[in-house]
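S.K.: pasting the structure only:
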């Protein structure tokens, strides 16, 4: 699958004077996991609800699986799976009853038992939803989102409130969906989650996309480079280091950071310099800027 | 899967939820049965009390209470449970979730109505059977079709009003206070517990505005051995139809699928 799953052009949504989404453009390719990130109030929920067919837009062009979600049809709903935020299931249903009910809504659903297994609730299939832990409830939500065997799945903060083990399980499950060729539109507040799962991400702030691209390359797209960090013990002067490396040297107390577009060369020069001076580089690390660094930098101050 | 299959599955799930909710079982199923036994035992212990309906038809106190409590149980099974359960499902985001699936919205509403009707009709059958077997309540063959018709029309009316009410109750708490409370209050002025001819006339007139009094009166008339003809009275039928139209109009125009309390 390489066709476009979601295409958004100039999307705007205003509530009175307030423009929640102020003209955004992005595309999601078929079969990819797309991370849609942003702090609370950035317009994430508004955008996702427009894509899901819940909300009308003020302006712009939107196509989800080739259909305008402002006029959702039954045939389109068959192809799109939703895992919403803040949707409780009836606590008195059992897992199997809930999944079986939702399976009836679709012309060609996935097998109920297999779907319950896929989300890791096989042991709990006859347990009441009300007796499940938060993480297990969320997995039941995911089971309902994928029971129709959709091509495209919206996962709105699927792991909020999970313990680390449950989060890992959820990641495996989402990777499983991708392996099945599904397109996944993911929102999350956990940058490690987006970094791990998403092929591409878009970062939203104040209703606008401030960065988007491949997850591994997003740091470069905003001009962030690799950092070499260590604690110097006084035998290396900043002047010497500046002469030796091509990157930018900055210090906070003993802590030295070299931001460099050429990490391999600069590291070599730095080690050679330290060897020559008999200096020790304590706590030496080479750090690629991760998604969290980028996210924090881009969304730090409010617009 | 056919749409009919979805309707039946929704009805079944709603029934399961009702039966798994102790409050629903106690207040809408056990309570009317207990009240039927209490009223018939307390107010006519071995006596020959009779009540006269506005149409001058006389019936035994047992027949009067049995018919009235069937109307009361019908209101709890339909109006009250629908208002509470729809509000709860909406505020928990369950209705919003349904809208994100290919499920046609009408199949959900139809499933809820079937659950309410099934509960109301089963309650009526049980209460009438207890009345007939334990308290000699007559079930006149001539007016029994009218009894069933009043029951169907009355419960349909109360279903539409329960759905309509849910549009105005912002939280499950509000719904589970307002819906049962209004039924209890109305039952006192609708000839369920107290014959209307014993009420001050202004209170009787207030009661007559609302559909519960008309359902109770219709059922009481059709359980009276001396009722003339089919037992159907145009005024009673018309009052129920008007309320049904009001309920349907509000329900179809004001029903909401998204949570209201947390709406931004």
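M.R.: Received, thanks. Model, not experiment: these values are computed from the prediction. Residues are numbered from 1 along each chain as shown, chains lettered A, B, ... in the order given.
S.K.: Kindly list the longest helix within chain B.
M.R.: The helix that spans the most residues within chain B, counting by DSSP state H, is helix B:105-135.
S.K.: so which strand or helix has residue A:184?
M.R.: Residue A:184 belongs to strand A:183-187 when assigned by DSSP states H and E.
S.K.: Walk me through which strands that strand pairs with, and which way each runs.
M.R.: Neighbouring strands of strand A:183-187 in its sheet, by DSSP bridges, are strand A:33-37 (parallel), strand A:152-156 (parallel).
S.K.: Most tightly packed of those?
M.R.: Mean neighbour counts were taken over those using mean count of other C-beta atoms under 10 Å in any protein chain shown, and the top value, a mean of 26, falls to strand A:33-37. Quick note: C-beta positions are derived from backbone N, CA and C, even for glycine.
S.K.: That one: how far from the chain's middle?
M.R.: 4 Å (C-alpha atoms, centre = their mean, to the nearest Å).
S.K.: what's the answer for stretch A:200-207, then?
M.R.: Relative to its chain's centre, stretch A:200-207 lies at 10 Å (C-alpha atoms, centre = their mean).
S.K.: can you pull the contacts of residue A:114?
M.R.: Residue A:114 makes contact with no residue under the criterion C-beta atoms under 8 Å, 6 or more residues apart in numbering or on different chains.
S.K.: just checking, next helix/strand downstream of the helix or strand harbouring it?
M.R.: Using DSSP H and E, residue A:114 maps to helix A:112-118. Using DSSP H and E, the helix or strand that follows helix A:112-118 in sequence is helix A:134-146.
S.K.: Please enumerate residues in contact with that next one?
M.R.: A:81-84, A:87-89, A:95, A:98-99, A:102, A:110, A:115-116, A:118-121, A:124, A:129, A:132, A:153-155, A:158-163, A:166, A:170, A:173, A:177, A:182, B:97.
S.K.: Now do the SS call for the residue of chain A found nearest chain B.
M.R.: Ranking the residues of chain A by distance to chain B (C-beta to the nearest C-beta) places residue A:87 first, at 3.5 Å. Each residue gets one of three states, and residue A:87 gets coil by DSSP: H, G, I helix; E, B strand; the rest coil.
S.K.: and the contacts of helix A:134-146, which are buried?
M.R.: Neighbour-count burial (16 or more other C-beta atoms under 10 Å in any protein chain shown) is assigned, among the contacts of helix A:134-146, to A:81-84, A:87-89, A:95, A:98-99, A:102, A:110, A:115-116, A:118-121, A:124, A:129, A:132, A:153-155, A:158-160, A:162, A:166, A:170, A:173, A:177, A:182, B:97.
S.K.: ok so, going back, next, give phi and psi for the residue nearest to the residue of chain A closest to chain B when sequence neighbours are not counted.
M.R.: Taking C-beta to C-beta, 6 or more residues apart in numbering or on different chains as the measure, residue A:87 lies nearest to residue B:93, with 3.5 Å between them; neighbours along the chain are not counted. Per-residue torsions, residue B:93: phi 80, psi 10 (degrees, to the nearest 10).
S.K.: wait, residue B:93 sits on residue A:83?
M.R.: No - Residue B:93 lies out of contact with residue A:83 (C-beta atoms under 8 Å); the separation is 11.7 Å.
S.K.: Write out the residues of the stretch 101-250 of chain A neighbouring chain B.
M.R.: By the criterion of C-beta under 8 Å from any C-beta of the partner chain, the positions of the stretch 101-250 of chain A lying close to chain B are A:101, A:102, A:103, A:104, A:105, A:106, A:107, A:144, A:148.
S.K.: And the furthest pair within those?
M.R.: Using C-beta to C-beta, the two most remote members of those are A:107 and A:144, lying 16.3 Å apart.
S.K.: Tell me which of the two has more neighbours.
M.R.: residue A:144 (26 against 11; other C-beta atoms under 10 Å in any protein chain shown).
S.K.: Please work out how many residues are found near the nearest residue to residue B:139 once chain neighbours are set aside.
M.R.: Nearest residue to residue B:139, sequence neighbours excluded (C-beta to C-beta, 6+ apart): residue B:132, at 5.6 Å. The number of residues packed near residue B:132 is 16, by other C-beta under 10 Å.
S.K.: got a pLDDT number for residue B:132?
M.R.: On pLDDT, residue B:132 comes in at 93.
S.K.: could you list every residue that touches residue 232?
M.R.: Defaulting to chain A. Taking C-beta under 8 Å, 6+ apart as the criterion, residue A:232 is in contact with A:251, A:254, A:256, A:279, A:281.
S.K.: try again with chain B
M.R.: For residue B:232, the set of contacting residues under the criterion of C-beta under 8 Å, 6+ apart consists of B:146, B:149, B:150, B:218.
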